[in-house]
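Visitor: The following comprises the amino acid sequence and a computationally predicted model.
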Amino acid sequence: MTNAFKICIGSFAAALLALQAVTAALAQTLPFGSDIFGPPGAEEIGDGVYSFRSGAYRTMFMVTGEGVILVDPMGEANAKLIDESIAKLTDKPVKYVVYSQSHRDRAGGAKLFTNRGAKVVAHQECALNLSRTPFPEVVPPDITFTDVYSVKLGGRSMDLYYFGPANDTCAIVAVPRPGDVAFIVNVVIPPGASLPWNMTLADTHTWNIVNFMKRVEDMAAREGVTRIAGSFISATRGPNGRPQLLPGVGPISVVTEQRRFWEMLFADVKAALDAGAPSTAVGTKIDHEKYKVFRRYDEKALNIIARRVASTYVTGR
Amino acid sequence: MGTNWGSATLRAAIFFLAIFALSLGSYDLALAAPPRTPPGIAPTSVEPIGKDLYSYRWGPYRTMFAVTGEGVIVADPLSDEAARALDSEIDKLTAAPVKYVVYSHSHWDHAAGARVFKDQGATIVAQDLCAKNISETPHPDVLPPDVTFADDFQIKLGDQEWDLHYFGPSHSDCLIVIQPKPANILYLVDVLNPPFGYSMPWNALLPDDHIYNFVPFFDAVDALAKRDGVTQITGGHLSVIRGPDGKPAAAPALGPASAIADKRRFWDELLTAVGDEWAKGTYSEVIPDQLDLDRFADTHGYNRDEMWLLVRRLGSYYAGGR
Ligand SMILES: [Zn+2]
């Protein structure tokens, strides 16, 4: 266990353990577009770099002197809200839309920007996915890449890294430059390590999840990335008992903590299987106590996630 | 186990046993331990399913093989231990070596164990993407294929002909349908297990399943069956039914081809129900609580908790497209 991990668990655990069930339930049922945390809007998380939130969803954009690079329009309704938000900051247009993955809830809505000349950039597997499952609101990418790509605009860049399948086969990590923050879609939810957003792990490639985290950590160490921005909100209970939004950014150590979550779960599931537990019931054979420090802990959710991990041991996937 | 149980109770018990056997057995296979089956069901069996064609059952798993004067064709080897046991059964029928091994898909619990056949000179055949999958998620007992193909492939040996058909991603992205002739049946693994058509999937979480192509996949399989007059199918698993004595028994390896259309209808009806709820604006994660799950209570293997999970997974499919 690293020091960062201990500190993080220590500081979060004291404040949040009692609230975990409430916040987990809250975050899990918070509807798309819900205004429980106020109207959608953008907050600056770096020089000209903004985290935009609408309901439970977050995305990121970077404003430069020559235009804007936007990650994920998040559907047609959100694209309009993002457009309004950007108009308050600059009169320059969105020049590039970057897809963090191919899921329609994130990739949908780019037409508003492509109609004004924006180009869509995505990993080549996203193009393949979208050709197999096209949706009317999802614009296919104009520019695709395989490993690394740098979207350059106004003397700055958004550097895109592919680390193999994670959530979706084509998820990328986006780093606005100059800057020290990386946008990571779905598989980490700053400001802390957590149970996955979706307990069914839909389209999540568990076999590569630890490796994905390791590659993000390596990249961060190499490239001087110290913070991460996420694609979902995290919430807690405020002093007045009302739900309170937590920051959309966290330290890069969250990625390490998230990797340790997966490594711990894989090890526990393997031990339960080795001890003869049926794969449908491995979750009930593991010690839940040590998982309660992770945000969004929920007994049923952890059991289901453990069952999904068991499938990986049986089938390799 | 009493014989006076109501059918729903018995169904539930059988479902439990089947799930128990599957989950326990499948992992045990990965560890090369002896197969386990529900009480009263033999651990292994060899069952003729056509001219010179046999279903081999290893615990809760099934595969098939064809014997010719020029050699043997084996489908999934299942595991090192299962393949060695199968090899002994083949030796009782012929002195000829295994010439081909055909993977139905790349999952370890079906594709492992080909080494004993490879040592006899067998050629391993699989769909292109299985080779990619096996290189991405290697397992010491899963040998990479020697020959791969994209859409269709034909193996001819003696008077046997195995036609291999790929209909796009379904369960894994490389699953194929095998049509051995002259038996002219279809071998379908994990997507369907005869005799049950309108039935729950093996795993409600649908790990490595490609939901978007389920209905087109079954349409293609059904069209193939109709085109070629296929009336019977076999699967990759044991199905548990009620025997003449009222106790759980192994279902015959062959079941009616009508199960293909029934499984298609299951996915179509369930997907439509979930999709309609999503289209109303219901947040995907609460769809299982909004939908009347018991509408699907007639589904073979129905269990409310499993259906809740399945509907939750399908909700994510509508929200994200995958
Ligand atoms: Zn499988």
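Guide: In hand now; what should we look at? Residues are numbered from 1 along each chain as shown, chains lettered A, B, ... in the order given.
Visitor: where along the chain do the helices fall?
Guide: Since you didn't name a chain, this refers to chain A. A:3-16, A:20-29, A:76-87, A:104-107, A:111-114, A:124-132, A:209-223, A:253-274, A:299-315 (DSSP state H).
Visitor: oops, I was thinking of chain B
Guide: B:7-30, B:80-93, B:108-111, B:115-118, B:128-136, B:214-227, B:258-279, B:287-290, B:304-320.
Visitor: Could you point out which of the helices of chain A sits nearest A:W197?
Guide: helix A:20-29 (7.8 Å; C-beta to C-beta). Yep, even glycine has a C-beta here, placed from its N, CA and C like the rest.
Visitor: what's the model's confidence in that closest one, averaged?
Guide: Averaged across helix A:20-29, the pLDDT comes to 42.
Visitor: residue of chain B with the smallest distance to the ion?
Guide: Distances between chain B and the ion by C-beta to the ion are smallest at B:H107, namely 3.5 Å.
Visitor: Spatially, what comes nearest to that residue if we skip its sequence neighbours?
Guide: Nearest residue to B:H107, sequence neighbours excluded (C-beta to C-beta, 6 or more residues apart in numbering or on different chains): A:T315, at 3.7 Å.
Visitor: Tell me who's in contact with the nearest residue to A:A220 once chain neighbours are set aside.
Guide: Nearest non-adjacent residue to A:A220, counting by C-beta to C-beta, 6+ apart: A:I252, 4.8 Å away. For A:I252, the contact set (C-beta atoms under 8 Å, 6 or more residues apart in numbering or on different chains) comprises A:A182, A:E217, A:A220, A:V225, A:T226, A:R227, A:I228.
Visitor: so how far is A:Y50 from A:I252?
Guide: 19 Å (C-beta to C-beta, to the nearest Å).
Visitor: again with A:A267
Guide: 39 Å.
Visitor: related to what we said a few turns ago, export the helices of chain B as CSV, with columns for mean neighbour count and mean pLDDT.
Guide: CSV is the format used below for the helices of chain B (neighbours: other C-beta atoms under 10 Å in any protein chain shown; pLDDT from 0 to 100):
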stretch, mean neighbour count, mean pLDDT
helix B:7-30, 20, 39
helix B:80-93, 18, 98
helix B:108-111, 28, 98
helix B:115-118, 20, 98
helix B:128-136, 18, 98
helix B:214-227, 18, 98
helix B:258-279, 18, 98
helix B:287-290, 18, 96
helix B:304-320, 21, 97
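Visitor: Looking at the ones you listed, spot the one closest to B:P39.
Guide: helix B:7-30 (8.2 Å).
Visitor: C-alpha coordinates for stretch B:131-143, CSV please?
Guide: What follows is stretch B:131-143, C-alpha atoms only, in CSV (Å, rounded to 0.1, in the frame of the first residue of the first chain):
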residue,chain,number,x,y,z
ALA,B,131,-6.6,-15.5,-32.8
LYS,B,132,-6.5,-11.8,-31.8
ASN,B,133,-8.5,-12.6,-28.6
ILE,B,134,-6.2,-15.5,-27.7
SER,B,135,-3.1,-13.3,-28.1
GLU,B,136,-4.7,-10.5,-26.0
THR,B,137,-5.8,-12.8,-23.2
PRO,B,138,-3.5,-15.8,-23.4
HIS,B,139,-3.9,-18.9,-21.3
PRO,B,140,-1.3,-21.7,-21.0
ASP,B,141,-3.8,-24.3,-22.1
VAL,B,142,-5.4,-22.4,-25.0
LEU,B,143,-3.4,-23.0,-28.1
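Visitor: roughly how far is that stretch from the heart of the chain?
Guide: Distance of stretch B:131-143 from its chain centroid, counting by C-alpha atoms, centre = their mean, to the nearest Å, is 19 Å.
Visitor: And stretch B:162-175, by the same measure?
Guide: 12 Å.
Visitor: quick one: terminal-to-terminal distance for that stretch?
Guide: 15 Å (C-alpha to C-alpha, to the nearest Å).
Visitor: So which bits of the stretch 201-322 of chain B are right by chain A?
Guide: B:203, B:205-208, B:212-213, B:283, B:285-286, B:309, B:312-313, B:316-317, B:319-322 (C-beta under 8 Å from any C-beta of the partner chain).
Visitor: One more: the stretch 51-200 of chain B?
Guide: By the rule C-beta under 8 Å from any C-beta, the part of the stretch 51-200 of chain B lying against chain A is B:S106, B:H107, B:W108, B:D109, B:N133, B:E136, B:T137, B:H139, B:V142, B:P169, B:S172.
Visitor: out of those, who's nearest B:Q127?
Guide: B:Q127 lies nearest to B:S106 out of these, by C-beta to C-beta, at 8.5 Å.
Visitor: for the closest one, what are its contacts?
Guide: B:S106 makes contacts with A:G316, A:R317, B:A126, B:L129, B:C130, B:N133, B:I134, B:T137, B:V142, B:S172, B:C174, as judged by C-beta under 8 Å, 6+ apart.
Visitor: Mind doing that once more with 6 Å?
Guide: B:C130, B:N133, B:I134, B:S172, B:C174 (C-beta atoms under 6 Å, 6 or more residues apart in numbering or on different chains).
Visitor: how close does it get to B:T148?
Guide: Taken as C-beta to C-beta, the span from B:S106 to B:T148 is 11 Å.
Visitor: for B:A66, same thing?
Guide: 21 Å.
Visitor: same thing with B:V189?
Guide: 17 Å.
Visitor: Looking at these two, which is more packed in?
Guide: Neighbours per residue (other C-beta atoms under 10 Å in any protein chain shown) separate B:V189 from B:T148, with B:V189 holding more: 27 against 18.
Visitor: what's the closest non-adjacent residue to that one?
Guide: Leaving aside its sequence neighbours, B:V189 sits nearest to B:G236 (C-beta to C-beta, 6+ apart; 3.3 Å).
Visitor: go on, A:R177?
Guide: Once flanking residues are discounted, A:R177 sits nearest to A:S157: 4.6 Å by C-beta to C-beta, 6+ apart.
Visitor: confidence score at the one you found?
Guide: On the pLDDT scale, A:S157 gets 98.
Visitor: Wait, it touches A:Y149, no?
Guide: No. Counting by C-beta atoms under 6 Å, A:Y149 is not a contact partner of A:S157; they are 9.7 Å apart.
Visitor: In the stretch 151-300 of chain A, where is pLDDT below threshold?
Guide: Along the stretch 151-300 of chain A, no part satisfies pLDDT under 70.
Visitor: Number of residues surrounding A:V210?
Guide: Considering only other C-beta under 10 Å, A:V210 is surrounded by 17 other residues.
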